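> Provided below are the primary sequence and the corresponding predicted coordinates.
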Amino acid sequence: MDLTDEFVNACEGLSVLHPEVTSRNVERRNELLSNCGAGATSVLDSVFSTMMSQNTTDKNAHAAVANLKAAHPTWGTVMTAPPSDIAALIRCAGLSEIRTERMQMILNTLSSEQGGTDEPSMEYLRALDNDAVKKELSRFKGIGPKTISCVLLFAMGRGEFPVDTHVLRIAKHCGWVSSSATRESAYNALNSVVPDEIKMDLHCLLVRHGKVCHKCAANGKPQFPPEDGPLVCPLRRCKSVSVKRENEAMTKTTMTTTTTTKKNKKQKKVKMEATKAAEDAAIVKDESDLPESASVVSSLPNKKE
Ligand SMILES: [Zn+2]
């Protein structure tokens, strides 16, 4: 099996386990197609939401963005408000003074470049190619490669595969990158081999899976352990481990193992049908533990970008 097949299989297997993730992405893609291709989320919304999710939990990042948006429906007044007011609104995400300083610096830079406008915008980035967007965004303090990759993928619908702590861990676990790979080297390697059409789904699925699967979570301790026990992990290397265990068990109790396998197959079939139905109906479930537009960013404290 070549690597492309492996990514496709991983994506299919994980979407059976986490149908809410792929359903949410159906909505995301529809949003990207709406509004003459400009999407429902502004580039600035995406940049600031993603920045807010650095070094905090998704829940706190989401709350901080919600507070900010409630008090300041446009970014223009965030630019001109007293820094202490902005910091108070986003305090739940931590590092509020630094976050405020960086946001206001970006807004002020954009405003002065855009003729002193009251409402600075990053929508001009939509007309640029990926390399130009990366160059443009990376000049701002606080906007690192992962944030840029998330903005390209989620706000602009580009074929990007952001690598966060969950993606890196699972990619190593599955042998997709070497065990010594860094986030940066894994990003470069995976971006060139993961098919564009599954980048959004596979990325989101790996992030979700890394939070709930006992075999794929950091230190075997998922942030959100499933209520009804550990998942049957569909990822290749994990699977080979579980197959081995099943074989060992078979020598003891053949009947039990066979029954379990049959039961798993049946559950998988039922789940696949359910996933398809959900996608067909474009039912969107809330990813409550994920931030607004950067829903895929790790909720574990990440390395500072
Ligand atoms: Zn797993």
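That came in fine, so what should we check first?

> so where is the stretch 1-150 of the chain shaky, pLDDT-wise?
35-40 (pLDDT under 70).

> now the helices: where do they sit in it?
3-17, 19-33, 43-52, 58-71, 75-80, 83-89, 96-113, 130-137, 145-150 (DSSP state H, counting those that start in this stretch).

> mean neighbour count, these: which tops it?
Across the helices of the stretch 1-150 of the chain, averaging neighbours per residue (mean count of other CB atoms under 10 Å) puts helix 43-52 on top, at a mean of 25. (Each C-beta comes from the backbone N, C-alpha and C, glycine too.)

> and Thr57, backbone torsions?
Here is the backbone geometry of Thr57 (degrees, to the nearest 10): phi -80, psi 160.

> give me the domain ranges for this protein.
Following automatic domain parsing, the chain resolves into domains at 1-35+129-298, 43-121.

> closest to the ion out of these?
The ion lies closest, by CB to the ion, to one member of the domains of the chain: domain 1-35+129-298, at 3.2 Å.

> what residues does the stretch 101-250 of the chain put near the ion?
Proximity of the stretch 101-250 of the chain to the ion (CB under 5 Å from the ion) is limited to residues 213, 215-216, 233, 238.

> out of these, which one has the weakest pLDDT?
The lowest pLDDT within those belongs to Cys238, which sits at 46.

> state the distance from the nearest residue to Ile143 once chain neighbours are set aside to Val47.
Leaving aside its chain neighbours, Ile143 sits nearest to Leu137 (5.0 Å; criterion: CB to CB, 6 or more residues apart in numbering). As judged by CB to CB, to the nearest Å, Leu137 and Val47 stand 7 Å apart.

> also Arg183?
From Arg183 across to Val47, the span is 19 Å (CB to CB).

> repeat that for Cys11.
Cys11 is 27 Å from Val47, by CB to CB.

> number of nearby residues for Gly220?
Taking other CB atoms under 10 Å as the criterion, the count of residues near Gly220 is 10.

> was I right to think it contacts Pro230?
No: counting by CB atoms under 8 Å, Gly220 does not reach Pro230; the two are 9.6 Å apart.

> common neighbours of these two, please.
His214 (CB atoms under 8 Å, 6 or more residues apart in numbering).

> now do the contacts for Gln104.
Gln104 is in contact with 78-79, 83, 86, counting by CB under 8 Å, 6+ apart.

> for Gly94, same thing?
The contact partners of Gly94, by CB under 8 Å, 6+ apart, come to 55-56, 60.

> let's go with 6 Å and repeat that
Going by CB atoms under 6 Å, 6 or more residues apart in numbering, Gly94 touches Thr56.
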